[in-house]
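What shape does this take:
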Amino acid sequence: MYTIGQFSKIGRVSTRMLRYYDKLGLIKPSFINPENQYRYYEKHQVKDILKINKLRRYRFSSNQIKQIMEDSTNTTLTILLSKQIHEIEFQIQSSKNILFELKDSLNKLEKGEDIMNSKRNFNISVDTLKNTRVLSLRDTISMDNIGNLIGKVFEAVSSNGLSIKGNIMTLYYDEDFDPNNADIEICIPVDRELKTPQISTRILKGGLYCHTTFIGPYSEIGESYREILDWIDKNSYKIIGAPHDEYIKGPESKCSPDEFITEVYFPIGRK
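From the prediction side, this is the model:
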């Protein structure tokens, strides 16, 4: 047996953290001396503490690690690894996009150009969209965490054997957009219904929409919103629901942010 101090050195973790793990039920001493309350660990527990360290390095929460350690089938680990891979890939791609924009802006400044692309032209179209079955998840979050929300929806698609039937969409429900506290819904068209306690399909209502195509980084998509809002006002329409972005071409295509393609939709009705 190892004392808590020895086990701390083996596991490269503080004794304070070992006591915290005990409280959470992650890893408990195999024996506690009733006279002096000294804690002891056995050799087979070394594997457990090293596994916990690895999972912490993978950025799993204590609650997630507990779920993984309690599941001897590794089903939970498989699901959470897949989700974490997607989220980290999203974060890496987001950082690459920002780096590209930084370099592009610097290059434009060195050439004496404006860092904003003012040469975009927008064609506004009006179409009647059909109802669409979507797997969706709505939450109020920081836009910096949108990748987590997207990851949860894709995880549900994969774990439930659904087939994707269209482009991913983001609906925006706030009248005044707050990037730190945004009420958004991630929707993915799928082939069949699903209802679980965590996530379910619903029908995204069709109807009359005006829309336009935006080509460029997401940070500049406000230009397309401006054009649509001006068009709605000039043509005696009104907005009757939540607008949404449909991602036609994005980071997954490995292209530069200047080549991203997003279709922006606003549901409208006559004034």
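
For the closest residue to residue 60 other than its chain neighbours, give me its contacts.
Take residue 60 and drop its neighbours on the chain: the residue closest to it by CB to CB, 6 or more residues apart in numbering is residue 80, 6.5 Å away. Glycine gets a C-beta too; all of them are placed from N, C-alpha and C. Residues in contact with residue 80 (CB atoms under 8 Å, 6 or more residues apart in numbering) are 60, 64, 67, 68.

ok, 10 Å please
Going by CB atoms under 10 Å, 6 or more residues apart in numbering, residue 80 touches 55, 58, 60, 61, 64, 65, 67, 68, 71, 155.

I figured residue 14 was touching residue 8, is that so?
Yes: counting by CB atoms under 10 Å, residue 14 does reach residue 8; the two are 6.2 Å apart.

sorry, back to before: which of the contacts of residue 80 are buried?
55, 58, 60, 64, 65, 68, 155 (16 or more other CB atoms under 10 Å).

Now residue 260: phi and psi?
phi -60, psi 140 (degrees, to the nearest 10).

May I have the phi/psi pair for the closest residue to it other than its chain neighbours?
Using CB to CB, 6+ apart and skipping residues adjacent in sequence, the residue nearest residue 260 is residue 250, 5.4 Å away. Backbone geometry at residue 250, expressed as degrees, to the nearest 10, gives phi -140, psi -150.

ok, now residue 190?
phi -130, psi 170.

Correct me if wrong: it contacts residue 157.
Yes: using CB under 10 Å, residue 190 makes contact with residue 157 at a distance of 6.5 Å.

picking up where we left off before, ok, residue 14 and residue 8, which is more surrounded?
residue 8 (18 against 10; other CB atoms under 10 Å).

That one touches residue 46, doesn't it?
No: applying CB under 10 Å as the test, residue 8 and residue 46 come out as separate, 11.8 Å apart.

Mutual contacts of the two, please.
residue 2.

okay, stretch 59-66 in PDB with CA atoms only?
C-alpha atoms of stretch 59-66 as PDB (Å, rounded to 0.1, in the frame of the first residue of the first chain):
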ATOM      1  CA  ARG A  59     -10.300  19.200 -20.600                       C
ATOM      2  CA  PHE A  60     -13.100  17.100 -19.200                       C
ATOM      3  CA  SER A  61     -15.000  18.400 -16.200                       C
ATOM      4  CA  SER A  62     -15.000  16.500 -12.900                       C
ATOM      5  CA  ASN A  63     -18.600  15.400 -13.500                       C
ATOM      6  CA  GLN A  64     -17.700  14.000 -17.000                       C
ATOM      7  CA  ILE A  65     -14.700  12.200 -15.500                       C
ATOM      8  CA  LYS A  66     -16.900  10.700 -12.900                       C
END
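
what's the spacing between it and its chain's center?
Here stretch 59-66 is found 18 Å from its chain centre; the criterion is CA atoms, centre = their mean, to the nearest Å.

again, but for stretch 263-271
On CA atoms, centre = their mean, the centre of stretch 263-271 falls 26 Å from that of its chain.

what ranges do the helices span in the protein?
4-11, 15-24, 45-57, 62-70, 75-110, 146-159, 222-234 (DSSP state H).

Out of those helices, which is the most enclosed?
Ranked by mean neighbour count under mean count of other CB atoms under 10 Å, the helices of the chain are led by helix 146-159, which reaches a mean of 18.

which sections of the stretch 1-150 of the chain are below the confidence cut-off?
117-118 (pLDDT under 70).

Name the nearest residue to residue 160, ignoring sequence neighbours.
That would be residue 194: by CB to CB, 6+ apart, it lies 5.5 Å from residue 160.

per-residue confidence at the one you found?
Residue 194 is assigned 94 on the pLDDT scale.

Please name the residues that touch it.
Residue 194 touches 133, 135, 156, 157, 160, 161, 162, 200, 201, counting by CB under 10 Å, 6+ apart.

what do residue 190 and residue 157 both touch?
Contacts common to residue 190 and residue 157, judged by CB under 10 Å, 6+ apart, are 135, 163, 164.

now, among those, which is nearest to residue 183?
Within those, the smallest distance to residue 183 is 18.5 Å, found for residue 135 (CB to CB).

wait, isn't residue 70 in contact with residue 26?
Yes: counting by CB under 10 Å, residue 26 is a contact partner of residue 70 at 9.3 Å.
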